[in-house]
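Next one to model:
(one chain, ligands or ions: 1)
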Amino acid sequence: MTLKVAFLGPEGTYTHQALIQQFGTESDVEIYSQAAISDCFQVLDSKEVDYAVVPFENSTNGQVVYTYDLLRDWYIPSSQDQNNDENQHIAPKFRIVGEQFVSIHHNFLSNAKTLDDVTTIYSHPQVWGQVTKFLSKHITKKISKLDSDSTSKAAEIVNNDKSGTSACISSKISADLYQLPILFENIENSSNNTTRFLVLGYDEINSHPLGPENDSHPKAYVTSIIFTLDHDDPGALCAVLDTFKKNNINLTSINSRPSHLKQWQYVFFVELVGSINDENVSASINSLSSNCLTLEVLGSFQRCWRYWSEQ
Ligand SMILES: O=C(O)C(=O)Cc1ccccc1
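Got it, this is the predicted structure:
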């Protein structure tokens, strides 16, 4: 059976690398390059694809806020939905079904003869915070930093600009793809720079497709939830966290984003160790419904073996 998988494209992005790590390159995997992360959600929702791979968080500069905000927008009713009975919000049927970790090495690519000729640098907005040391050391004159939809798109833009004044920060794969000279390589602040990607879909996946043989890592599950709380209820968040503590559940991350429901109200994202099929996890989540205004399980999936390794 052919699997159709959407990703933030064009080919050569780090998300493309995550897709290859997860699904391989065999002909039974058809890849659907998308111009934006939001398009990945859209084509998955309309079932043009079976899965979508999107960047989620980076070990150097944290959340990929676009993805967090899309999860919020797809799973949490908007204030419009709440005010309109006919416009009932229906959460999507797809869920987070897996994760991947990619070791990220950024490179400075340009057709410029010297750095002095460069007036504009393109990259994905997530990248700037991962290369601050390189930028402050090497970029001493005023150079415009322009956001592109992806690092590979940035390479495409530089390739199309024949003036020799533009550069991009992108992967070695993009450098090969667009035949762009690498002026500086491995310019990331931290050599452990890693991005975690989510695999969204309707069906479970095998989370260990290319894992080491005799994988000795523990088989663990992660459950991811999103919820909103009564803004004026002191201790509402504390009650949620306490429920997990009482059920002996280990939380691995807690993040918040503006709810877009009410000024200064937030939605919370919590990830915990355990499967939704575990008694203590399902019991805690069921009992939380009374503490939360809205609560959705974004997914419950097997931890990728790369979580424990050097990636
Ligand atoms: O632009 C890309 O290549 C992406 O896949 C998004 C991204 C950007 C920076 C680090 C990881 C993922």
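
where does the stretch 151-300 of the chain come near the ligand, residue by residue?
Within reach of the ligand by C-beta under 6 Å from any ligand atom, the stretch 151-300 of the chain has these residues: 151-152, 195. Every residue, glycine included, has its C-beta placed from N, CA and C.

swap the cut-off to 8 Å and go again
151-154, 170-171, 174, 195, 197 (C-beta under 8 Å from any ligand atom).

State the pair within these that is farthest apart.
154 and 197 (18.7 Å; C-beta to C-beta).

can you pull out the helices in the chain?
Applying DSSP state H to the chain gives helices spanning 14-23, 37-45, 65-75, 79-83, 125-128, 132-138, 151-160, 172-177, 236-246, 279-288.

By mean pLDDT, show me the worst of those helices.
Note on these: helix 79-83 shows the lowest mean pLDDT, a mean of 63.

buried ones in stretch 292-304?
Of all the residues in stretch 292-304, those buried under the rule 16 or more other C-beta atoms under 10 Å are 292-304.

no, scratch that, I was asking about stretch 25-39
For stretch 25-39, the neighbour count (16+ other C-beta under 10 Å) marks 29, 31-34, 37-39 as buried.

Looking at the residues you listed, spot the one nearest residue 117.
residue 33 (30.9 Å).

List the contacts of the spatially closest residue to that closest one that is not a sequence neighbour.
Nearest residue to residue 33, sequence neighbours excluded (C-beta to C-beta, 6 or more residues apart in numbering): residue 9, at 2.8 Å. Contact analysis of residue 9 by C-beta atoms under 8 Å, 6 or more residues apart in numbering lists 15-16, 33-35, 150, 152-153.

Convert the C-alpha atoms of stretch 238-248 to PDB, please.
Coordinates of each C-alpha in stretch 238-248 appear next as PDB, following Å, rounded to 0.1, in the frame of the first residue of the first chain:
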ATOM      1  CA  CYS A 238      -2.000  23.600  40.100                       C
ATOM      2  CA  ALA A 239      -5.000  21.200  40.300                       C
ATOM      3  CA  VAL A 240      -4.300  19.800  36.900                       C
ATOM      4  CA  LEU A 241      -0.600  19.200  37.700                       C
ATOM      5  CA  ASP A 242      -1.500  17.700  41.100                       C
ATOM      6  CA  THR A 243      -3.700  15.200  39.400                       C
ATOM      7  CA  PHE A 244      -0.800  13.900  37.500                       C
ATOM      8  CA  LYS A 245       1.400  13.800  40.600                       C
ATOM      9  CA  LYS A 246      -1.200  11.900  42.500                       C
ATOM     10  CA  ASN A 247      -1.300   9.300  39.700                       C
ATOM     11  CA  ASN A 248       2.400   9.000  39.600                       C
END
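
any idea how the protein splits into domains?
Here the domain parsing of the chain from the TED database is 3-103+195-310, 107-191.

mean pLDDT for those: which is lowest?
Among the domains of the chain, domain 3-103+195-310 scores lowest, at a mean of 91.

centre of the chain versus that domain, how much separation?
Here domain 3-103+195-310 shows a centroid-to-chain-centroid distance of 9 Å under the convention C-alpha atoms, centre = their mean, to the nearest Å.

Strands along the stretch 101-250 of the chain, start to end?
Listed in chain order, the strands of the stretch 101-250 of the chain (DSSP state E, counting those that start in this stretch) span 107-110, 120-123, 144-147, 166-170, 182-184, 194-201, 221-229.

The nearest residue to residue 178 once chain neighbours are set aside: how many residues sit nearby?
Of all residues not flanking residue 178 in the chain, residue 159 sits nearest, at 4.0 Å (C-beta to C-beta, 6+ apart). Using other C-beta atoms under 10 Å, residue 159 has 17 other residues around it.

Over to the one 5 residues further on?
Taking other C-beta under 10 Å as the neighbour definition, residue 164 ends up with a count of 15.

ok, it touching residue 117?
Yes - the criterion here is C-beta atoms under 8 Å, and residue 164 meets it with residue 117 at 6.0 Å.
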